[in-house]
Each structure stands twice: as C-alpha cells, then as structure tokens.
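In: just the structure for this:
(one chain, ligands or ions: 1)
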Amino acid sequence: MPDRSTAALVVDHLVKDVGPVPALEGRMLRVIHDVSLRARFGEVTVLLGTNGAGKTTTLACAQGLATRQGGRVDLLGADPRDAGPDLRARVGVMLQDGGLPPSWRPIPLLRHLARLYRDPLPVDDLATRLGIDAFDRTSIRRLSGGQKQRVALAAALVGRPEVVFLDEPSAGLDPQSRTVVFELIDQLRRDGIAIVLTTHLLDDAQRLADYVYIIDAGRSVAEGTVPQLLQDHSARSAGTGRIRFDAPSGLADTYTGRAGVTLTEISPGGYVLDGPLRPDDLATLGAWFAARDVMPVGLTLSTATLEDVFLDLASGATAGGER
Ligand SMILES: Nc1ncnc2c1ncn2[C@@H]1O[C@H](COP(=O)(O)OP(=O)(O)OP(=O)(O)O)[C@@H](O)[C@H]1O
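Out: Numbers count the residues shown, from 1 in each chain. Below is the predicted model:
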C-alpha cells in the first residue's frame, strides 16, 4: 500500500510551449505559463478549468507524454521525462479521446494489456464492475462514447497503478454509468491510489475532490479542499447568499431591502433574492410576503457553490499567449 502522507505527483511552476503554430507564422505558443500542484496517495486531486484552460496539457507534461520548457515534475520520485518502463508500469492513464485500437473487442484488449503488467487486476472482475461484458461482442469502433469511456477507464486501471490520470472521466456517460465510475473512483481512493482527474464539470469536482486546483488560462489561480474554496469565496464576496422562491409574477419592483440586496424575477413567477444576506434580510422578506398576502412556494436559501467560486476566479480565456 503506498504511503498516504507523501505526494505521488509534484508539479512546480510548469511552463509549456506548443507549436510551431502556422497562424503565428511558425512561432511557438505558450499555453502553460505557471501551474503548480501536488497529488497525494489515497486522494482525488481535481484540476478544474474551462475548455482550453490547460488541464490536458498539464497532465501530458505530468505523465511525461509532452516535453516542458520550464518547471519541475516529480512523478513517483522520478522525472517522467526520463521515465523507463518501471515507472510507466506504476502509472495508469485514461486519455480524453480514449486512444483505444478501433478494431479490438473490449475484453480481449483488456486481457492483452493485462499481460503487459506484473500484477494486473483480474480482467473479468474489472469488466463486470464497469458493465463492459454487456457490450463485449462489439468492436471498439462501434461502441458509444460512454461505452468507450468505460473501456478506457478499465485500460487505465488494469495494471493496478499507484497513480491514475483520468482526463474527463465522466464525459459522455449516462447517469447510471457515471455512478458506476464514481463508485470505482471512491474504491481506488480507499485503496490508497493517487487519482488525478480533470473536469470542467463542477458537480463532479464537488462530488469527488479531496483537493481542487483551479486552472485558468494556463495558470493555477486557486487551490484547496471544496469547503476551503467555498469559505474563501464567501470571505471575498462578503457572504453572498441566495434565496429562491416562486410567487405570483410582477412583484419584484415592490421589494425594498438593504443596499446590495436585490430581488429579481428570473423567470415568470420565479424570484431570487441576492446579495450579502444577513438574518434580518429574512425578516424583511417575511414582512414583504405578509404585506402582500403571498405564501411563497419552494423557498430555498443557498450559499455559494463551487460554480460560484469558479465563475468568480476563472476568466474563461484559453491558455494561449505568444511566447
Ligand atoms: N499543439 C497545439 N497547437 C496549438 N495550440 C495548442 C496545442 N496544444 C494545445 N493547444 C492549446 O492550448 C490550450 C490548452 O489546451 P488543453 O487541451 O490543455 O486545455 P483543457 O483545459 O484540457 O481543455 P478541455 O477542457 O477543452 O479539454 C488550448 O487553447 C489549446 O487550443
């Protein structure tokens, strides 16, 4: 069992250029400017960022599949640039496009991969666990996106890796398959494996992450556990909260609350009270209901979600910038 107290992966101040890019007259494009992260054994480390933020490129450098122009990468105690087969055998990689040979059927492929490792997982168990046996008679080229995704995950895990990189593992999965994949990730975490996962789905991050790095335009802009990120956000945004309810439409203009607290009708009869809410805002809202003889429906009070944190921090820009 790997030691839970040490980092399986350390990335320090990563810099990565791509190209030469024809649109830049053959010049290089800097897509990773400064990304640092640590992934520990027995934890799910999530890289969260919008499309083009630099998550996949960061993983490629961390895995030693791409060169880098600056910074340090330590994967299981070695620089993956100089990695030999021993290091590769301890690392599982699930690529975003699957990278699976199209003419193979899933279980023969997994058996073939299993033979490359010293102590592979039992292929039948893994295939049953991920529901792969249900479509084993179909070649990979004919599988649906979600089925391919499950085979790619099995291929990343079959060698019993100590570190596993999962690029968008729940992309294209139906809710049932998503639950299966999440349960498997939970199991890997309990087994002490370091899981490094990219996503732009905030629900996934909130559900799975022990630690989150937010990547924006090729830079790490925030990090922490989900509760820490939520707490930092609420400190920055003066405890922004939100009350939602349904009531007869056309009433928003009649609400007068404290400065900064606003009532908006976001859909016919659907209202949101936003702002740095305090307990007395609930009293004001209650009095407003009473004065209009309105009984609200579905009234909920929500504090910040990871989505609010993300929208606050991420510019949405892609990582590219001429070198
Ligand atoms: N070979 C390349 N040539 C030009 N641009 C590239 C190249 N490789 C990556 N990029 C650019 O680098 C940026 C980061 O890409 P990357 O795939 O790492 O983002 P990502 O965060 O994984 O996005 P997504 O969520 O869409 O997968 C993007 O703007 C992408 O277009």
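In: going forward, measure contacts and count neighbours with C-alpha atoms only.
Out: OK.
In: bridged to the residue positioned nearest the centre of the chain, which residues?
Out: By C-alpha atoms, centre = their mean, the chain has its centre lying nearest to T199, at 2.8 Å. Applying DSSP bridges to T199 gives these bridge partners: L48.
In: gap between it and the ligand?
Out: Plainly put, T199 is 7 Å away from the ligand if you go by C-alpha to the nearest ligand atom, to the nearest Å.
In: so what's that residue scoring on pLDDT?
Out: The model reports T199 with a pLDDT of 87.
In: show the contacting residues for it.
Out: By C-alpha atoms under 8 Å, 6 or more residues apart in numbering, T199 lies in contact with 46-49, 167-169, 205.
In: who's in contact with stretch 136-145?
Out: By C-alpha under 8 Å, 6+ apart, stretch 136-145 touches 100-107, 135, 148, 172-173.
In: now the residue lying farthest from the centre of the chain: phi and psi?
Out: Using C-alpha atoms, centre = their mean, the residue of the chain lying farthest from its centre is A291. It sits 45.7 Å away. Backbone torsions for A291, taken as degrees, to the nearest 10, come to phi -60, psi -30.
In: again with D119
Out: With angles defined as degrees, to the nearest 10, D119 sits at phi -140, psi 70.
In: so what's it scoring on pLDDT?
Out: With respect to pLDDT, D119 scores 90.
In: confirm for me that it is in contact with R160.
Out: Yes - using C-alpha atoms under 8 Å, D119 makes contact with R160 at a distance of 7.0 Å.
In: would you map the helices across the stretch 51-200 of the chain?
Out: Taking DSSP state H, counting those that start in this stretch to define them, one finds helices in the stretch 51-200 of the chain at 55-63, 85-88, 106-114, 123-129, 145-157, 175-190.
In: so for the ligand, which of the ones you listed sits nearest?
Out: The ligand lies closest to helix 55-63 among the helices of the stretch 51-200 of the chain, at 3.6 Å (C-alpha to the nearest ligand atom).
In: who does the closest one touch, helix- and strand-wise?
Out: Under the contact definition 3 or more C-alpha pairs under 8 Å, 6 or more residues apart in numbering; DSSP states H and E, helix 55-63 sits against strand 7-21, strand 27-40, strand 70-75.
In: would it count as contacting the ligand?
Out: Yes - in terms of C-alpha under 6 Å from any ligand atom, part of helix 55-63 sits within range of the ligand, namely 55-57.
In: scan the contacts of stretch 136-145 and report the most crowded one.
Out: P106 (29 neighbours; other C-alpha atoms under 10 Å).
In: can you tell me which residues contact it?
Out: Here P106 is in contact with 132, 136, 138-140, 151 (C-alpha under 8 Å, 6+ apart).
In: apply 7 Å and report the result again.
Out: 136, 139-140, 151 (C-alpha atoms under 7 Å, 6 or more residues apart in numbering).
In: where does the prediction get shaky in the stretch 1-150 of the chain?
Out: Along the stretch 1-150 of the chain, segments meeting pLDDT under 70 span 1-5, 96-98.
In: tabulate the residues of helix 55-63 next to the ligand (CSV), appending neighbour count.
Out: CSV is the format used below for those (neighbours: other C-alpha atoms under 10 Å):
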residue, neighbour count
K55, 31
T56, 20
T57, 21
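In: good, we can wrap up now.
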